[in-house]
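Trainee: need a structure here:
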Amino acid sequence: MNLLRMELKKMNIRPYCISALVICSCLLGLFYIFAWVPHLESGSEASEILFSSYRGIAAVGGAIALMAFSGLASAMGFGYVIKEYSGSCAILLFSYPIDRKIVVWVKTGLLLAFITVALPACTYGSFLAFAVTGHMLSLVNNDLYIMDLLLIYRDTLILAFLADGIALCAIRIGFIKKSNSITVLSAVLLSMLLANMAADINNHLTVVEGVTIVVLFVGLLFIFDMARRIERMEI
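Mentor: Predicted coordinates for the structure are as follows:
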């Protein structure tokens, strides 16, 4: 518990909160753009069908949020986890009278907690703001029911766990070279590979759930391996 408090004090979360708010604002703007797509004469029939419902708009917005927050989580992971185990920072961490693996897991846990809260809060919050104004202004020719809101929130939580798994994998990859660019690039590429699947979550929920479980499990295994390597590191 003392370690958790100490890590929270050391963690400068403000820049990441600001970044999350920027993502939230961008998502809100994109929701309005998506709602306008069916009104465009140049739009394709497929896009018109997709963006003519609140759930379709929310699904595409969720896929974009997945990419954005995966990148944010990887940048946060580099600064808060990887960078801490290089140079003089590593000497300070290794002086803690606590098992090194526990320190790694505490840091990782705080990172996951932030992303698991921030992604649904920003994505769902911006969608609710859009849904309220969209209903008042009749932007979407589709009714929005309580069940739809619950299903959209469920989908957002699933994508939050998927972003967690992507971030864990990216942190492990970036730890090899202790490189910020490699860490962020890994997260962006992984999220781009899964973005189309995430956007189709309304039609293939079981597939998305299965992939999320696999990616999160692999990510945890990667962090377990990283923690073992850190435990064996010499100052």
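Trainee: the helices in the protein, which residues?
Mentor: 2-10, 14-36, 45-50, 54-77, 88-94, 100-137, 146-177, 180-199, 205-232 (DSSP state H).
Trainee: Buried deepest among the ones you listed, which one?
Mentor: Most buried of the helices of the chain, by mean neighbour count (mean count of other CB atoms under 10 Å): helix 54-77, with a mean of 25. C-beta coordinates here come from the backbone N, C-alpha and C atoms, glycine included.
Trainee: just to revisit the earlier point, so can I have CSV of the helices of the chain showing mean pLDDT?
Mentor: Converted to CSV, the helices of the chain look like this (pLDDT from 0 to 100):
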stretch, mean pLDDT
helix 2-10, 65
helix 14-36, 94
helix 45-50, 67
helix 54-77, 95
helix 88-94, 67
helix 100-137, 92
helix 146-177, 96
helix 180-199, 95
helix 205-232, 95
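Trainee: Tell me which residues touch Ala167, please.
Mentor: Shown in contact with Ala167 (CB atoms under 8 Å, 6 or more residues apart in numbering): Ser70, Ala73, Ser74, Met76, Gly77, Leu111, Leu112, Ile115, Ala187, Gly219.
Trainee: and it, how far is that from Ala58?
Mentor: Using CB to CB, to the nearest Å, Ala167 is found at 22 Å from Ala58.
Trainee: same deal with Ser25?
Mentor: 17 Å.
Trainee: Nearest spatial neighbour of Ile49, chain-adjacent residues omitted?
Mentor: Distances taken as CB to CB, 6 or more residues apart in numbering put Gly56 closest to Ile49, at 7.4 Å, once the chain neighbours are dropped.
Trainee: I figured that neighbour hits Leu50, correct?
Mentor: Yes. Between Gly56 and Leu50 there is a contact under CB atoms under 8 Å: 4.4 Å.
Trainee: ok, the nearest residue to Ile152 once chain neighbours are set aside - contacts?
Mentor: Nearest non-adjacent residue to Ile152, counting by CB to CB, 6+ apart: Ala58, 4.6 Å away. By CB under 8 Å, 6+ apart, the contact set of Ala58 is Phe127, Ile152, Asp155, Thr156.
Trainee: What score does Met1 have for pLDDT?
Mentor: What the model reports as pLDDT for Met1 is 54.
Trainee: Make 24 the first number, not 1, from now on.
Mentor: Sure, I'll start counting at 24 from here, so that last one is Met24.
Trainee: from the contacts of Ala190, which is closest to Arg37?
Mentor: If you rank these by distance to Arg37 using CB to CB, Met99 comes first, at 11.9 Å.
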